[in-house]
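1. just a sequence and a predicted model for now, questions to come.
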Amino acid sequence: MQNNINNTQDKNQKKYTIVTWGCQMNEHDSEKMAGMLEEMGYVNTDDIQHTDLIIYNTCLVRENAELKVYGNLGELKALKRDKPDLIIAVSGCMMQKKEVRDVIKQKYRFVDILFGTHNLHKLPEFIANHNQTSKMIVDVWEDGGEIVEGLPAHRKHGFKAFVNIMYGCNNFCSYCIVPYTRGRERSRNPEDIVKEIEKLAKEGYKEITLLGQNVNSYGKTLENKVTFAELLRMIDKIEGVERVRFMTSHPKDLSEELIYAMRDCDTVCEHFHLPFQAGSNRVLKIMNRKYTKEKYLEIVGRLKEEVPNVSITTDIIVGFPGETDEDFEETLDVVRKVGFDSAFTFLYSIREGTPAADMENQVPDDIKRERFQRLLDTLRPLSHEANQHYVNEVVEVLIENVSKNNDDVLSGRTRTNKLVHFAGTKDLIGQLVNVKIDEAKTWTLEGHIINE
Ligand code: SAH
Ligand code: SF4
Ligand code: F3S
């Protein structure tokens, strides 16, 4: 995933460009860096040839994310040669790994500033220090410590906003690098979260997405314990917020109380992103996921009972070490039984430093790819079928974008997070409208705005 934050340009001011890989957590970190830079007087540009500061905010979750960063960094070398004053910084999850830092120090010596996920609030200081030294500044903290409140953020959209409710992860799923790059789990105080959202609501933001690696365990590290369900009920009362989303939910921590909060709170959208990763209990155990296939299906059943029309999406890993054909059939079985609205599917990628990387029975690439194809073939008709239920229905859509190829086509999302395309003019971006669905495609819906 690659993203540039859009804004205006100005000839006389210093310009910055941030390129972001990875998850929403990283995207929101980039928004915070943008906020700090704008307070320093920088303005945003997407034009890498005419910028004064480039930040690559990196991801380490799979090998291909990592390789893309190295590829892109290589291309900056010539740019820096032609423009020695250009400041190049690299940040994010990759920087938390010593081996990666060593590669940057040896092979990409033109990088000026290197920092990690726990100290991005020091960005202004790094830039000031850089102006006084010709050496590469390297500052990476091993763990998060106290949560830094009050950082500004320059948000990508004016109508929907990410809000961190917690940082880090304690789950140590055996394939995953995130607990090593983001440190231990820690929750923000509910008062700070509510204050931030109240401010966003006053500024006109309509949709809030609460971020955490496992929002279902929110509050466990607080002195005065608050559950995630209780937090949702507090946020639901905030004047002006129309929609509340959250991600990601770990099935092992999904409580009945949370299901009731989704059922009862008007603003909480009827969508659960609930990664199941694998269907085989044997594989789930080695993955250290701490639930069984049966438990997962039971939770989904409860969700469907209590929240009518809830949409359920997921993450699935194919080819975890030791996965047999029989194990993989269990994954397909879960897919068929749940009927996911959509799924992010990943080929298992070895992450050095995680327990699964040292397992000897790695699945050969060709088998992984063949299974991956079978998974997509299973998911596709189910997603199409789920979308068919929307035809002739009227749904509320928050308009997010205008089509890249056609100025008269808008896109937006339903409360259930379905992407909908329809005719309209771009001045409507950021509005909530009613759309009647005319056609269901495999991954998207098509419709027309109605005045109701
Ligand atoms: N905290 C979230 C997920 C963060 S990573 C959660 O627990 O759901 C996003 C997704 O990347 C994971 O759900 C998993 O499906 C995938 N992933 C993580 N490590 C991976 C690896 N080594 N290989 C392939 N996919 C991986
Ligand atoms: Fe990774 Fe598991 Fe933590 Fe998600 S819950 S970030 S998959 S270790
Ligand atoms: Fe996110 Fe990638 Fe880091 S998925 S937490 S940016 S490793």
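-> All right, it came through fine. Numbering: from 1, shown residues only. Ligands and ions are numbered 1, 2, ... in the order given.
2. and residue 79, how close does it get to residue 103?
-> For residue 79, the distance to residue 103 (CB to CB, to the nearest Å) stands at 19 Å. In this view, the C-beta of every residue, glycine as well, is placed from N, C-alpha and C.
3. to clarify, my last question referred to residue 149.
-> Residue 149 sits 34 Å away from residue 103 when distances are taken as CB to CB.
4. those residues of the stretch 101-250 of the chain touching ligand 3, which are they?
-> 177-178, 181-182 (CB under 6 Å from any ligand atom).
5. might you report the residue contacts of the residue nearest to residue 270 when sequence neighbours are not counted?
-> Nearest non-adjacent residue to residue 270, counting by CB to CB, 6 or more residues apart in numbering: residue 310, 4.7 Å away. Residues near residue 310 by CB atoms under 8 Å, 6 or more residues apart in numbering: 262, 270-272, 303-304, 416.
6. try it again at 7 Å.
-> 270, 272, 303-304 (CB atoms under 7 Å, 6 or more residues apart in numbering).
7. how many neighbours does the closest residue to ligand 2 within the stretch 351-452 of the chain have?
-> When scored by CB to the nearest ligand atom, the stretch 351-452 of the chain has residue 354 as its residue closest to ligand 2, at 8.8 Å. Number of residues near residue 354 (other CB atoms under 10 Å) recorded here: 18.
8. wait, what's in contact with it?
-> 174-177 are the contacts of residue 354 under CB under 7 Å, 6+ apart.
9. what pLDDT does the model give it?
-> Looking at residue 354, its pLDDT reads 98.
10. can you check residue 5 too?
-> Reported pLDDT for residue 5: 51.
11. ok, now how distant is residue 78 from residue 51?
-> 15 Å.
12. those two: who's more crowded?
-> A direct count of neighbours by other CB under 10 Å for residue 78 and residue 51 places residue 51 higher, at 22 against 10.
13. pretty sure the more buried one sits against residue 16.
-> Yes: taking CB atoms under 7 Å as the definition, residue 51 is a contact partner of residue 16 at 6.4 Å.
14. per-domain residue ranges of this protein.
-> 2-139, 160-388, 394-449 (automatic domain parsing).
15. for residue 153, which of those domains is the nearest?
-> domain 2-139 (4.2 Å; CB to CB).
16. is that closest one positioned near ligand 1?
-> Yes: Domain 2-139 lies within reach of ligand 1 by CB under 6 Å from any ligand atom, at 61-62.
17. for residue 34, state which of the contacts of residue 310 is nearest.
-> Nearest member of those to residue 34, counting by CB to CB, is residue 272, at 30.0 Å.
18. ok so, going back, distance of the residue nearest to residue 270 from residue 301?
-> Distance of residue 310 to residue 301, computed by CB to CB: 11 Å.
19. same deal with residue 364?
-> 36 Å.
20. remind me which residues of this protein are low pLDDT?
-> 1-11, 452 (pLDDT under 70).
21. and what about the nearest residue to residue 343 once chain neighbours are set aside, helix, strand or coil?
-> Closest residue to residue 343 apart from its sequence neighbours, by CB to CB, 6+ apart: residue 314 at 4.9 Å. Put simply, residue 314 is strand when judged by DSSP: H, G, I helix; E, B strand; the rest coil.
22. could you do residue 100 as well?
-> Per three-state DSSP, residue 100 ends up helix.
23. which residues touch it?
-> Neighbour list for residue 100: residue 94 [criterion: CB under 7 Å, 6+ apart].
24. residue 326: helix or strand, and which one exactly?
-> Assigned by DSSP states H and E, residue 326 falls within helix 325-338.
25. kindly apply the preceding question to residue 299 instead.
-> Under the criterion of DSSP H and E, residue 299 resides in helix 293-306.
26. elements contacting that helix?
-> helix 256-264, helix 325-338 (3 or more CB pairs under 7 Å, 6 or more residues apart in numbering; DSSP states H and E).
27. what sits up against the longest one?
-> Contacts to helix 325-338, defined as CB under 7 Å, 6+ apart, come from residues 276, 278-280, 282-283, 293, 296-297, 300, 312, 316, 371, 374-375, 378-379, 382.
28. for these, which ChimeraX command selects only the ones that are buried?
-> To isolate the buried members of the contacts of helix 325-338 in ChimeraX, using 16 or more other CB atoms under 10 Å:
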select :276,278,279,280,283,293,296,297,300,312,316,371,374,375,378,379,382
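29. what are the boundaries of the helices in this structure?
-> 24-39, 63-82, 98-107, 123-130, 178-182, 190-202, 228-236, 256-264, 281-287, 293-306, 325-338, 365-388 (DSSP state H).
30. quick one: those helices as TSV, columns for distance to residue 216 too.
-> Shown next, in TSV, are these (distance: least, CB to CB, whole Å):
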stretch	distance to residue 216
helix 24-39	16
helix 63-82	25
helix 98-107	30
helix 123-130	31
helix 178-182	16
helix 190-202	15
helix 228-236	6
helix 256-264	6
helix 281-287	17
helix 293-306	11
helix 325-338	18
helix 365-388	24
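31. a markdown table for the ones you listed, including distance to ligand 2?
-> Shown next, in a markdown table, are the helices of the chain (distance: least, CB to the nearest ligand atom, whole Å):
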| stretch | distance to ligand 2 |
| --- | --- |
| helix 24-39 | 9 |
| helix 63-82 | 14 |
| helix 98-107 | 18 |
| helix 123-130 | 24 |
| helix 178-182 | 4 |
| helix 190-202 | 20 |
| helix 228-236 | 14 |
| helix 256-264 | 16 |
| helix 281-287 | 8 |
| helix 293-306 | 14 |
| helix 325-338 | 16 |
| helix 365-388 | 18 |
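32. please name the nearest non-neighbouring residue to residue 148.
-> That would be residue 121: by CB to CB, 6+ apart, it lies 4.7 Å from residue 148.
33. give me phi/psi at residue 185?
-> Note on residue 185: backbone dihedrals following degrees, to the nearest 10 are phi -70, psi 130.
34. ok, back up a step: among the contacts of residue 310, who's most crowded?
-> Busiest of these [other CB under 10 Å] is residue 272, holding 27 neighbours.
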